[in-house]
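Peer 1: Predicted model and sequence below, questions to follow.
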Amino acid sequence: MPFWLFLMLFGLAAAVSGGRVAFNVRGAATAMEASQQRGHDLRAATTGDFAPPVKWITAFGFRAVGAVVSLCGIVPALAGVAELLTDA
């Protein structure tokens, strides 16, 4: 597999998945927050500690991280396009 193809596929996968969370497509960020809360609840039930858990990240935080991942995914995709265009 050519290196430019790897860069484009890797970059596009990161950009699309990060953009999905950043723009909250079909409730992706809120679903991640709900999954985090379920994990806290299950851990509390397992250990018997029912104190309120510390919430590390909210849906807005997941959206911010998704935006960073999306922007960082665009860089390899553009590098793959540049590699394709400069390859002789």
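Peer 2: Yes, it's here.
Peer 1: In space, what's closest to V69 - neighbours in sequence excluded?
Peer 2: G18 (3.3 Å; Cβ to Cβ, 6 or more residues apart in numbering). All C-beta atoms are positioned from the backbone trio N, CA, C, and that covers glycine.
Peer 1: Output the contacting helices and strands for the helix or strand where the one you found lies.
Peer 2: In the assignment (DSSP states H and E), G18 maps to helix 3-22. Applying 3 or more Cβ pairs under 8 Å, 6 or more residues apart in numbering; DSSP states H and E, we find helix 3-22 packed against helix 28-47, helix 59-86.
Peer 1: CA atoms of the lowest-mean-pLDDT helix or strand in the chain as PDB?
Peer 2: Each helix and strand of the chain was given a mean pLDDT (mean pLDDT, DSSP states H and E); the minimum falls on helix 28-47 at a mean of 94. Only the C-alpha atoms of helix 28-47 are listed here, as PDB (Å, rounded to 0.1, in the frame of the first residue of the first chain):
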ATOM      1  CA  ALA A  28     -22.400  11.000  20.000                       C
ATOM      2  CA  ALA A  29     -21.000  13.300  22.700                       C
ATOM      3  CA  THR A  30     -24.000  12.900  25.000                       C
ATOM      4  CA  ALA A  31     -23.900   9.100  24.500                       C
ATOM      5  CA  MET A  32     -20.200   9.100  25.500                       C
ATOM      6  CA  GLU A  33     -21.100  11.100  28.600                       C
ATOM      7  CA  ALA A  34     -24.000   8.600  29.400                       C
ATOM      8  CA  SER A  35     -21.600   5.700  29.000                       C
ATOM      9  CA  GLN A  36     -19.100   7.400  31.400                       C
ATOM     10  CA  GLN A  37     -21.900   7.800  33.900                       C
ATOM     11  CA  ARG A  38     -23.000   4.100  33.500                       C
ATOM     12  CA  GLY A  39     -19.400   3.100  34.200                       C
ATOM     13  CA  HIS A  40     -19.300   5.200  37.300                       C
ATOM     14  CA  ASP A  41     -22.600   3.600  38.500                       C
ATOM     15  CA  LEU A  42     -21.400   0.100  37.800                       C
ATOM     16  CA  ARG A  43     -18.100   0.700  39.600                       C
ATOM     17  CA  ALA A  44     -20.000   2.200  42.600                       C
ATOM     18  CA  ALA A  45     -22.300  -0.800  42.700                       C
ATOM     19  CA  THR A  46     -19.300  -3.200  42.500                       C
ATOM     20  CA  THR A  47     -17.200  -1.600  45.200                       C
END
